[in-house]
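Trainee: Can you look at this prediction? I've put the sequence above it.
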Amino acid sequence: MGTVDCASHSAQSRGLSRQQLKTLVLSALGGALEFYDFVVFVFFATTMGALFFPADLPAWMRQVQTFGIFAAGYLARPLGGVLMAHFGDLTGRKRMFLLSILLMALPTLLMGLLPTYAQIGIAAPLLLLVLRILQGAAIGGEAPGAWVFVSEHVSPRHRNLACGSLSLGLLAGILLGSLVARALNAWLDEAQLLAWGWRLPFLLGGVFGLLAMVLRRQLQETPVFAELQARRRLASELPLKAVLRDHASAVALGMLLTWLLTAAVVVTILMMPTILQGMGVSRDAALAGNALAVLAAMAANLVAGALADRFGTGRVLALWSLLLGVAFWWCYRAAQDGHYSHALYALAGSGVGLTAMIPAIILGGFPPAVRFSGLSLAYNLAYAIAGGLTPVLLSLAMQRNPAAPAHYIAGMAALGIALAVGVAWRDQRMPAA
């Protein structure tokens, strides 16, 4: 832990002040509105596939290609993330916190105005791909920047809770997308949804982006960055260069942890509504279960974050990894057998509470001067690979092995337990903050 980090918060280590609570709440609200923009696409994957690809393609091929465009957003994350992290480490966290909103809101708004394949042919999916790439560049700076921002507004002993509250906000964005999708499904019939209803969630996303910008303008620069700036201890060279030279092991650990995070979020939360519909579950039931799963994940983030600050990140990460693996397997196999259950899906969603610890663990491996760049590189590079390829590869794998998602999550849970042991060992060797 850097001395600037400790000095900034030594007087605040016992609890959260009113200003810190306000910062966490506003950051979580802003993150929810922006993350809605990024994920709402996946809730309309079936509809978007029908509108933006030829009608004579097999349904499974349209799904693979639609998830491919969704994945393009993840593949674009490293470039946007590294650029925004560079300036975030040199000029301030808050500036990049505001910029990411603008870069997200505009492409989302334009998605709602796009012509379809029936209107302009192959140009339609290509334009959709370009806008999805721009969204990816924006979210590449948003998530790491938000975690750095909230963690630097509290003492190190409250870092897991702070990151958990922000992760709660990001999950709330997913929940908002699920609720909007469910509302439109109930309000419109299939013909109306295909004709014009699909545009509404994207146009709404543009409005959400403006609201998020208003919320974040009320926030202050982090005490850690302000102190670095006052002491003239900002990075003296390219932050990314210092990260690669001096913190390669922290980057490797961060990438493995992010791989686990992608499995929890992408498969359990984002892909499951579409997968469940493929098993014969109605769209309404799948979206209702997804809403319950996200609510469970939101609550679990706060509980897991608080427990990790109290008992150690390694122990709690191991517990939540086991929960994710067992609960998802149970939920998935029940759905395969024709016994889909909202309760089991919610239990699987609670396993996503491990997203509270993962950013906090990664942040602890980098000093304040290059923290944004270090987290952004590890998180976005791993998310581009694992998060970007997972929807496509799992969709293909399910053609031969319908239980592929359950096997994948079980493997990721085992990885999480192994990483938790390593984190616990690292924390025992590190001096107390």
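Mentor: Here it is on my side, so go on. Numbering: from 1, shown residues only.
Trainee: For the rest of this, base every contact and every neighbour count on C-alpha atoms.
Mentor: Will do.
Trainee: For the closest residue to Gly411 other than its chain neighbours, give its distance to Val267.
Mentor: Computed as Cα to Cα, 6 or more residues apart in numbering, the closest residue to Gly411 that is not its neighbour in sequence is Gly325, at 7.9 Å. Going from Gly325 to Val267 by Cα to Cα, to the nearest Å gives 12 Å.
Trainee: Likewise for Ala248?
Mentor: Taking Cα to Cα, one finds Ala248 at 28 Å from Val267.
Trainee: now Gln277
Mentor: 14 Å.
Trainee: Pick out whichever of those two has more residues nearby.
Mentor: Val267 (22 against 16; other Cα atoms under 10 Å).
Trainee: Output the lowest mean pLDDT helix or strand found in the protein.
Mentor: The helix or strand of the chain with the poorest confidence is helix 3-9; it has a mean of 46 (mean pLDDT, DSSP states H and E).
Trainee: which residues sit in contact with Val266?
Mentor: Going by Cα atoms under 8 Å, 6 or more residues apart in numbering, Val266 touches 387, 390-391.
Trainee: what's the answer for Gly374, then?
Mentor: With Cα under 8 Å, 6+ apart, Gly374 has these contacts: 240, 243, 247, 251, 363, 366.
Trainee: what about 10 Å?
Mentor: Contact analysis of Gly374 by Cα atoms under 10 Å, 6 or more residues apart in numbering lists 82, 85-86, 89, 144, 239-244, 247-248, 250-251, 254, 362-363, 365-368.
Trainee: burial count for Ser17?
Mentor: 12.
Trainee: Let me know whether it touches His158 as I believe.
Mentor: No - between Ser17 and His158 there is no contact under Cα atoms under 10 Å: 11.7 Å.
Trainee: residue boundaries of the strands in this structure?
Mentor: With strands called from DSSP state E, the chain shows none.
Trainee: burial count for the closest residue to Leu75 other than its chain neighbours?
Mentor: Of all residues not flanking Leu75 in the chain, Ala384 sits nearest, at 4.3 Å (Cα to Cα, 6+ apart). Look at Ala384: counted by other Cα under 10 Å, it has 23 neighbours.
Trainee: Hmm, Ala72 and Ala384 touching each other?
Mentor: Yes - Ala384 lies in contact with Ala72 (Cα under 10 Å); the separation is 8.4 Å.
Trainee: what is in contact with the two at once?
Mentor: Joint contacts of Ala384 and Ala72 (Cα under 10 Å, 6+ apart) are Gly136.
Trainee: So which of the contacts of Val266 is the closest to Pro273?
Mentor: Using Cα to Cα, Pro391 comes nearest to Pro273 of the contacts of Val266, at 12.5 Å.
Trainee: And the pLDDT at that closest one?
Mentor: Looking at Pro391, its pLDDT is 80.
Trainee: Next, find the distance separating it from Leu347.
Mentor: 22 Å.
Trainee: now Trp425
Mentor: 29 Å.
Trainee: higher neighbour count, these two?
Mentor: Higher neighbour count among Trp425 and Leu347: Leu347, with 22 against 12, using other Cα under 10 Å.
Trainee: pLDDT value on that one, please?
Mentor: 97.
Trainee: again with Leu129
Mentor: In this model, Leu129 is scored at 86, pLDDT.
Trainee: who's in contact with it?
Mentor: Listed by Cα under 10 Å, 6+ apart, the contact partners of Leu129 are 66, 68-73, 111, 123, 135.
Trainee: Those in helices, which ones?
Mentor: 66, 68-73, 111, 123, 135 (DSSP state H).
Trainee: any chance of the residues you listed in TSV, plus distance to Leu51?
Mentor: Output for these, formatted as TSV (distance: Cα to Cα, whole Å):
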residue	distance to Leu51
Thr66	10
Gly68	15
Ile69	13
Phe70	15
Ala71	18
Ala72	18
Gly73	19
Met111	13
Ala123	12
Gln135	20
